[in-house]
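>>> Let's see this in three dimensions:
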Amino acid sequence: MTLRSLRLRLLIAGAVSTAIALGLAGYGLTVVFERHVERRIDAELVVHLNQITARLERSPAGGLALSNEPADPRFDLPLSGLYWQIVYEQSGTVLRSRSLWDAELDLPAEVAVDDTIHHHRIPGPGKAELYLLQRRVELPARMGGGTARIAVGWDSAEIATAVREFALDLTPLLAILGALLLAANWMQVTIGLSPLSAVRTRLAAVRSGKSQRMGSGFPDEVRPLAQEIDALIDARDSELARAKTRAGDLAHGLRTPLQVLQTEIERLAKEGQTDVALSLSTVTRTMQQTVERELARVRLAASRRAAEANVAAVIDPVVRVVQRTPEGQELDWIVDVPPAIVAPIDHDDLSEAVGNLIENAARHARHAVTITAHEDERSVSLTVTDDGSGIPEGRLEEALRRGGRLDERGSGAGLGLAIMSEIVESWGGTVTLADGKPGLSATLRFARPPRA
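So this is what the prediction gives:
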């Protein structure tokens, strides 16, 4: 796949959006976890803060003291990460936990005395950052009055460590989730683009002649495209039908004038005006070639569509017509064509091809013309054999050469074989000429389209 591939673009877009979504989700979960850790720490620090406040009393020396030390052993362990400190603002006296060792916290100033717990982040021992809860209280008269700031701090590094470990635990889960989302994205793209594959398959079937139209059964988003393609095919078939009709009308309209010209050419030749007859004969052949060439072009265009023709239904009327001609009346006609054989070719085109072939056989046969047809799983074949003089073996291919005209080379074979060959080949068929011993045997073979 290249960047011009719609599938690749959708997969890349899905992968990028998935990565962004997972990144935001990971960041959001980490922030939520950090807030949760802070709430848990807040709850623990508030308990310590209330205990310290409740144990605050007046010392014998007139200052402040704690009636008992807080029960948590971390307050007695130097640099344990858990600290408390009291600042008696009246005298500037500072009480602190043993865990601070020789350090003293620079507690933030509080403006109001409202017993509200305030959150701060301040520098702690050893350049550590502390997560601090502080309360400013007013002391009763029995404790000497005045105000005091009571604070409990927690090393912020522990919060960061907990968040980091949570993020590390979360990363594999996000990776697994990302892989599942990418697989789902691939499935979604594959399923979403499958109607386009169906459109391509049906278009190929229309182009190969296996189907005539795109048909229905597409999703709502693709159905208008299929309908437009079918409408385009309808318009094309209408144009081809009109072109074929016009070409047939042209051929019919020119046939009578050409016959008149041929009669005049023969008359002039009999009267001894051979030069004029030869000149007119050349012009007549040119007109015939032009008409046949245009008819062949129409046939080539029309043969793109799917069609079927009953071989017996085509052969019978052609034979009846040829039997009425002067050549056909003198011949024996042997026709062995099963009525159920169907060939993949347009009925009119098969009629024209077989007509040319049978007329050619009637012109050259001495006593009889034999017509047979048979079919198998792969092909349908039709053979016409006459008992005439045939065509020299070295000129069999020349007789079927596209655009070749044996009558122009003096063989007397006429236009029929070349026209018949053009029609059959335009429908994907083949023509085989062979020595009929005597005469000429011509076989038309059409391959059956594979069954779905």
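
>>> my read: residue 438 touches residue 368, true?
No: counting by C-beta atoms under 8 Å, residue 438 does not reach residue 368; the two are 10.7 Å apart. For glycine as for every other residue, the C-beta is placed from the backbone atoms N, C-alpha and C.

>>> overlap in contacts of these two?
Jointly contacting residue 438 and residue 368 under the rule C-beta atoms under 8 Å, 6 or more residues apart in numbering are residue 387.

>>> what is the rounded mean pLDDT of stretch 311-321?
The pLDDT scores in stretch 311-321 average 92.

>>> What of stretch 106-122?
pLDDT averaged over stretch 106-122 gives 88.

>>> Any idea how far apart the tips of that stretch sit?
8 Å (C-alpha to C-alpha, to the nearest Å).

>>> List the buried residues in that stretch.
107, 110, 117, 122 (16 or more other C-beta atoms under 10 Å).

>>> Could I get the phi/psi values of the last one?
Going back to what we said before, that points to residue 122. The phi and psi torsions at residue 122 (degrees, to the nearest 10) take the values phi -130, psi 160.

>>> now the third one
Main-chain torsions, residue 117, degrees, to the nearest 10: phi -80, psi 130.

>>> so how far is residue 43 from it?
11 Å (C-beta to C-beta, to the nearest Å).

>>> Between those two, which contacts overlap?
Counting by C-beta under 8 Å, 6+ apart, residue 117 and residue 43 have no common neighbour.

>>> Go ahead and measure how far stretch 313-326 is from the middle of the chain.
52 Å (C-alpha atoms, centre = their mean, to the nearest Å).

>>> Could you give me the buried positions within that stretch?
314, 315, 318, 319, 322, 323.

>>> OK, contacts around the fourth one?
If a contact means C-beta under 8 Å, 6+ apart, then residue 319 has 333, 335, 358, 371 as its contacts.

>>> who does residue 379 bridge with?
residue 447 (DSSP bridges).

>>> what's the burial count for it?
Burial measure for residue 379: 15 neighbouring residues, criterion other C-beta atoms under 10 Å.

>>> Quick check: which helices or strands does the helix or strand encompassing residue 247 pack against?
Residue 247 is located in helix 223-270, with elements delineated by DSSP states H and E. Applying 3 or more C-beta pairs under 8 Å, 6 or more residues apart in numbering; DSSP states H and E, we find helix 223-270 packed against helix 156-208, helix 274-302.

>>> worst average pLDDT in those helices?
Looking at the helices and strands packed on helix 223-270, the weakest mean confidence is helix 274-302, a mean of 70.

>>> Next secondary structure after that helix?
Downstream of helix 274-302, the next assigned helix or strand under DSSP H and E is strand 309-310.

>>> now the helix or strand just after that following strand, how far from the chain's geometric center?
Following strand 309-310 in sequence order, the next helix or strand is helix 311-323 (DSSP H and E). From the chain centre to the centre of helix 311-323 is a distance of 48 Å (C-alpha atoms, centre = their mean).
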